[in-house]
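1. model the structure of this input:
(one chain, ligands or ions: 2)
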Amino acid sequence: MSKPVVAIVGRPNVGKSTLFNYITGRRISITEDTPGITRDRIYAEAEWRGRKFTLIDTGGIEPDTDDYIKKMMLRQAELAMETADVIIFLLDMKTGLTAADNDVAAMLRKSKKPVIVAVNKVDNIGELPPDAYEFYNLGMGDFYPISSVHGLGIGELLDAVFEYFPEEAAEEQDDDIINVAVIGRPNVGKSSLINCILGEERVIVSDVPGTTRDAIDTLVIRNGKRYNFIDTAGIRRKSRIEENIERYSVIRSFMAVDRSDVCLIVIDANDGVTEQDTKIAGYAHEQGKASVIAVNKWDMIEKETGTLEKMQKEILQKLDFMSYAPVVFISAKTGQRVEKLFELVDYVFEQASLRIQTGMLNDVLNEAMAMVQPPSDKGKRLKIYYMTQTGIRPPKFVLFINDKELMHFSYERYIINTLRSNFGFAGTPIQLIMKEKQ
Ligand code: GDP
Ligand code: GDP
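-> Ligands and ions are numbered 1, 2, ... in the order given. Alright, predicted model coming up:
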C-alpha cells in the first residue's frame, strides 16, 4: 500500500503525544463509536497537502530510571527504523540535550531512513533562544523549532517530512489474493496457528519476497486459492531487544490490519476478550475490514453442554460493535477446526465484496421505512430519498436525505440491520454516508 508511515521518536515528556494529537486531530467515527481505541492514541491517519499518511507515537512508556528510559528509547528508535518511511526525532528546548538524546541520535544516524529533527517547546519560534544552538551538537544538521501546544512551526515540519514521502504507487490490487492479517495479543497462539496452517497437507507455501517491514508475509495456496498471511508475531521473535510491551504489538497489529482484506482476530479461550483484544478488534472495525474471530486453545477448555454457546455469546457481547463477525473455536495445537477457518475467511471476503443493485436496495429501503418510520424532530421528519452502493470491502452506501440533523444513530443501525437481514454482509462492517439533497 502506498500510505507512508511517519514515526515520532523522543524522550518521555518532550511532547510527542501533544504533537501527535495536533497533527492527527480528533477523528470521530462515522458509523459506530468503538470503545478502547480512542483512549490511547498512538497510531492514526493524518493528511498533509492532500496526502494521507500514518502517524505513530512510539513513546508512551512511563519514565522510571535513566537506564530504563535509555533502553526504551533505543527500542522506540528501532521500531521507528523498522516501520517508518520518515522519522521525526523530537527534542525539548526546555530541558536541552541529554545523554539519552545523544544515544538515540547515534542510532538514528546509522539508519537509512530520513530523520527530521524537531525541537519542541519553542514557544516563540520567531526568535530562537541562544541555547538552541546546542542542538547542532547532535550532528544531525538543521532542526525545526516548533511548539506543539501552540501549533507553531508544524507546517514547516510537515513540509520537510512530506519531501521524503515515497512516490505514490499506482493502486495495485491483486484481486486473486486474500490478504489475511493474523492479529491478537502476545501469546494467544498466532504463530502456532500460522505453523499449523503451514503444516496442513493441502497447503502449498511460498515466501513472498521483499514485502515486509512490519510483519512476515507467507503466501499459501489452498484449493487453487491464494492467501497472503500477514504474521505479526514472527517479527517479534526476531527482535533483538526483549519485547513484552503490548503497545508495540498493538502498533504491529494495526499495521497488519491496514494491509489486510480479512482480519483473523485470535483470542485466548482461557482469558476471553480482554481490553487489548477490544482495541485491536475495534481498529479492524473502524478501518472497515472483514473479520473472523478465532477463539484459540479450545483444547484447554473443560466443556459441558452449552459451554461453546455461552462463550460465543460472551465474546460477542464484549465485542458488540462487531456482532457481525463469525466466531470459531479452534486449537492451533490439535488443528481442530483450522480447516473451517479457511471457509470463513473465504466467506467473509465474499460477503464484504457483495454489490447490490440500486433498484433492489431501494425496494428494501422503502419497505424498511414503511415498517419503522424515520425519526422526526420538532415536527420535521427525516426523509430518505434513495440510497446507492458506492463501494465494497467494506460495503459503502450513500443515503440522500433531507436533513442530516434528523438522522439518528438508532435509525442508522436499523438500516444496517435491514441490509444485513436482506443481503447478508456477514463478517463485514457496513458504512453509511449521509448526503443532503433538497
Ligand atoms: P510525551 O511524553 O513525549 O508524549 O510528552 P507530552 O505530549 O505528554 O508532553 C509533556 C508535557 O510537555 C506536557 O505537560 C505538555 O503540555 C508539555 N508540552 C508539550 N508541547 C509543548 C510546547 O510546545 N510548549 C510547552 N511549553 N509545553 C509543551
Ligand atoms: P503468539 O505470541 O500469539 O504467536 O503465541 P504462540 O503461538 O507463541 O503461543 C503461545 C503459547 O501458547 C505457546 O506456548 C503455544 O504452545 C501455546 N498454544 C498456542 N496455541 C495453542 C492451542 O491451541 N492449545 C494449547 N494448549 N496451547 C496453545
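
2. switch to C-alpha atoms for all contacts and neighbour counts from now on
-> Will do.

3. what helix or strand does the residue nearest to the spatial centre of the chain sit in?
-> The residue lying closest to the centre of the chain (Cα atoms, centre = their mean) is Phe254, at 3.3 Å. For Phe254, the host element (DSSP states H and E) is helix 246-259.

4. just how off-centre is that helix within its chain?
-> 6 Å (Cα atoms, centre = their mean, to the nearest Å).

5. just the C-alpha atoms of it, please, in CSV.
-> What follows is helix 246-259, C-alpha atoms only, in CSV (Å, rounded to 0.1, in the frame of the first residue of the first chain):
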residue,chain,number,x,y,z
GLU,A,246,1.9,-4.7,24.5
ARG,A,247,1.9,-1.2,23.0
TYR,A,248,4.3,-2.3,20.3
SER,A,249,2.3,-5.4,19.5
VAL,A,250,-0.7,-3.2,19.1
ILE,A,251,1.2,-1.0,16.6
ARG,A,252,2.2,-4.1,14.6
SER,A,253,-1.3,-5.4,14.7
PHE,A,254,-2.6,-2.0,13.4
MET,A,255,-0.2,-2.0,10.5
ALA,A,256,-1.2,-5.5,9.6
VAL,A,257,-4.8,-4.5,9.6
ASP,A,258,-4.1,-1.7,7.2
ARG,A,259,-2.7,-4.1,4.7
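
6. packing partners for that helix?
-> Applying 3 or more Cα pairs under 8 Å, 6 or more residues apart in numbering; DSSP states H and E, we find helix 246-259 packed against strand 177-183, helix 232-238, helix 275-286.

7. so for stretch 87-105, mean pLDDT?
-> For stretch 87-105, mean pLDDT is 91.

8. spatially nearest residue to the residue in the stretch 251-400 of the chain that ligand 1 sits nearest to (excluding sequence neighbours)?
-> The minimum distance from the stretch 251-400 of the chain to ligand 1, using Cα to the nearest ligand atom, falls at Ile251 (15.9 Å). Leaving aside its sequence neighbours, Ile251 sits nearest to Tyr43 (Cα to Cα, 6 or more residues apart in numbering; 6.9 Å).

9. I'd say that neighbour and Gly59 touch.
-> No - under the criterion of Cα atoms under 8 Å, Tyr43 is not in contact with Gly59, lying 11.0 Å apart.

10. any idea how far Ala281 is from the residue nearest to the centre of the chain?
-> 10 Å (Cα to Cα, to the nearest Å).

11. picking that back up, which pLDDT value does the model give the residue nearest to Ile251?
-> Per-residue pLDDT puts Tyr43 at 79.

12. could you do Lys404 as well?
-> 94.

13. contacting residues for it?
-> Going by Cα atoms under 8 Å, 6 or more residues apart in numbering, Lys404 touches 434-436.

14. can you flag which of those residues belong to strands?
-> Of those, the ones assigned to strands by DSSP state E are 434-436.

15. please pick the buried ones from those.
-> Using 16 or more other Cα atoms under 10 Å as the burial test, these include Met434 as buried.

16. ok, the ones in strands among the contacts of Lys404 vs ligand 1, which is closest?
-> Met434 (35.2 Å).

17. now the angle from the helix or strand hosting Phe349 to strand 177-183?
-> Per DSSP H and E: Phe349 is located in helix 338-352. Counting by axes from the mean of the first three to the mean of the last three Cα atoms, to 10 degrees, helix 338-352 points 120 degrees away from the direction of strand 177-183.
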